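Asks: Here is a sequence together with a model predicted from it:
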Amino acid sequence: MNIFLISLNVAILLLLILGLYYMQKKQVSFSKRVFTGLGLGIIFGYLLHLIYGTEHEVTAGTLDWFSIVGNGYVKLLQMVVIPLIFISIVGAFTKLKLTKNIGKISFLVVGILIGTTAISAAVGIGSALGFGLDGIELSAGEAENARNEQLQERVGTVENMTIPQQILQFIPSNPFLDFTGARATSTIAVVFFAAIIGMGYLGVKRKEPEHAELFAKIIDSIYSIVMRVVTLILRLTPYGILAIIAKVAATSNYDAIMKLGTFVVASYVALAVVFIIHLLLLFFAKLNPVNYVKKGLPTLTFAFTSRTSAGTLPMTIKSQTKDFGVSEGIANFAGSFGLTIGQNGCAGVYPAMLAVMVAPAAGIDPTSPSFLISLILVVAISSFGVAGVGGGATFAALIVLSVMNLPITIVALLISVEPLIDMGRTAVNVSGAMTSGILTSKATGEFENEVYQQKDVVEV
């Protein structure tokens, strides 16, 4: 009987996929297909939750098949991340797009990412205080206690790694290892290696132009192939979102969400404010925020549903270059650095909120100016080194709480609503990276304003 029900659920998913494919054949816009997939996934997943529950073997068996579409799509995107970063940055050197401004570009991208993270921390603090959040009121169950034991084991790694040690993790000692994505900082290490290769190319071009010309042609050919692969994968986005969000809706712990509802609401209020700040920055740069929202929504939607900034990177770069008019080199720098430095949601809002919530338990007044200033500075500095200890909101929170001498138990107590909040955090992380790319491109004069002003998303 279970096999029949699982087969029925899979058949329904296939019918929904066929419906999305039919919309594609009818030339319905990419954005509309993405949001249709999102809506259908929410409805289908919630129905699975109502009928079977989260623990039923039919749910588990069904979602196991769904993962072929959802997780398979994410893996395809992750597959092209490293090749895309490397070839795009090297290509930017061969096309002479980064030669004059590489120092300024790096400074602006990193500066904007860290600056917006400091602002995000202030927003998180304001939200936690405004909603009166208190970590003392939270209680731990079996899952929370098990999670706390894991965190206690790993917190030593966080405490023992200094900021200089974390920065050293960005420099590749074996670039071929980093091409496999083996380290948390592999992405930035590949960016660093690609920049060195690019500078080496410029030196060869001055002394042996014929060799440099051949190298440039090879890079250009590889770039064309990689971008074609990226395009083919991005066309699967509506189907991937359908399967991913169906799994989220089917497995969410709605009871826990209700119990921790105030924290969830406070988190999303803070994330929404940070997103509005991104729009204000664009407005002050004399760019229409409405265009950003409209053309960036497919990318932000995927980031929201997939909860992976790395998997979203090809879409992040595509949106910046094709929809917003950012140069390829800057788009790759902003997207790549945005994965591990200055994540506005994971490394900004989240740890700041937790610190305010547990401060009273440590005998600290969370409204004290000295505490607030110290917290914002620690969050901003720590966001630069999150990748050195594995990345993610959990480790960002561990770093901040450890440095501030605050209890880390609260990180485990929120495990039940972590997936729901992480969706919004990831979208804000990606928005921060795209915003930094747009502002940097605008500041360096490598911005195509007419592309940004176009109202429609460029089809893939």
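Replies: Alright, I've got the coordinates.

Asks: any idea of the mean pLDDT for stretch 24-38?
Replies: Across stretch 24-38, the average pLDDT comes to 89.

Asks: Just the endpoints, please. Distance across that stretch?
Replies: 15 Å (CA to CA, to the nearest Å).

Asks: ok now do residue 254, which residues does it touch?
Replies: Neighbour list for residue 254: residue 49 [criterion: CB atoms under 8 Å, 6 or more residues apart in numbering]. For the C-beta atoms, the positions are set from N, CA and C on the backbone; glycine is no exception.

Asks: per-residue confidence at it?
Replies: Looking at residue 254, its pLDDT stands at 79.

Asks: do you know how far it is from residue 206?
Replies: Look at residue 254 and residue 206: by CB to CB, to the nearest Å, they are 64 Å apart.

Asks: and what of residue 423?
Replies: Distance from residue 423 to residue 206, counting by CB to CB: 49 Å.

Asks: Could you report the neighbour count for the residue lying closest to residue 297 once chain neighbours are set aside?
Replies: Distances taken as CB to CB, 6 or more residues apart in numbering place residue 31 nearest to residue 297, at 6.4 Å, with adjacent residues excluded. Residue 31: 17 surrounding residues under other CB atoms under 10 Å.

Asks: OK, contacts around residue 31?
Replies: Residue 31 neighbours (CB under 8 Å, 6+ apart): 294, 297-298, 457.

Asks: Give me the pLDDT value at residue 133.
Replies: The per-residue pLDDT reported for residue 133 equals 84.

Asks: from memory it sits against residue 260, does it?
Replies: No: using CB atoms under 8 Å, residue 133 is not in contact with residue 260, being 10.0 Å away.

Asks: rewinding a little: okay, buried residues for the strand or helix carrying the residue nearest to residue 297 please.
Replies: Element membership for residue 31 (DSSP states H and E) is helix 30-52. By neighbour count on 16 or more other CB atoms under 10 Å, the buried set for helix 30-52 is 30-31, 33-38, 40-42, 44-46, 48-49, 52.

Asks: What is the top helix by length along the chain packed up against?
Replies: As assigned by DSSP state H, the longest helix anywhere in the chain is helix 57-94. Under the contact definition 3 or more CB pairs under 8 Å, 6 or more residues apart in numbering; DSSP states H and E, helix 57-94 sits against helix 2-25, helix 30-52, helix 186-207, helix 209-234, helix 237-251, helix 309-318, helix 328-337.

Asks: so where's the stretch 301-450 of the chain shaky on pLDDT?
Replies: Along the stretch 301-450 of the chain, segments meeting pLDDT under 70 span 385-392, 411-413, 415-416.

Asks: go again using 90 as the cut-off
Replies: The stretch 301-450 of the chain contains residues with pLDDT under 90 at 302, 305-315, 327-343, 345-347, 357-366, 378, 380-423, 444-446.

Asks: How many neighbouring residues does residue 22 have?
Replies: Around residue 22 there are 10 other residues, counting by other CB under 10 Å.

Asks: Also the one 3 residues further on?
Replies: Residue 25 has 8 neighbouring residues, counting by other CB under 10 Å.

Asks: quick one: it and residue 76, what's the gap?
Replies: Taken as CB to CB, the span from residue 25 to residue 76 is 22 Å.

Asks: again with residue 66
Replies: Distance of residue 66 to residue 76, computed by CB to CB: 16 Å.

Asks: So for the two, which sits in the more crowded spot?
Replies: More crowded of residue 66 and residue 76, by other CB under 10 Å: residue 66, with 24 against 18.

Asks: Would you mind measuring from the closest residue to that one other than its chain neighbours to residue 420?
Replies: Spatial nearest neighbour of residue 66, chain neighbours left out: residue 243 (4.7 Å); criterion: CB to CB, 6+ apart. Using CB to CB, one gets 18 Å for the distance from residue 243 to residue 420.

Asks: neighbour count winner among the two?
Replies: The neighbour count for residue 243 versus residue 420, taken as other CB under 10 Å, is higher for residue 243 (27 against 19).

Asks: thought the more buried one was touching residue 40?
Replies: No: applying CB under 8 Å, one finds residue 243 not in contact with residue 40, separated by 10.2 Å.

Asks: pLDDT score for the spatially closest residue to residue 119 that is not a sequence neighbour?
Replies: In this structure, residue 119 finds its nearest non-sequential neighbour in residue 277, 6.1 Å apart by CB to CB, 6+ apart. Residue 277 is assigned a pLDDT of 97 by the prediction.
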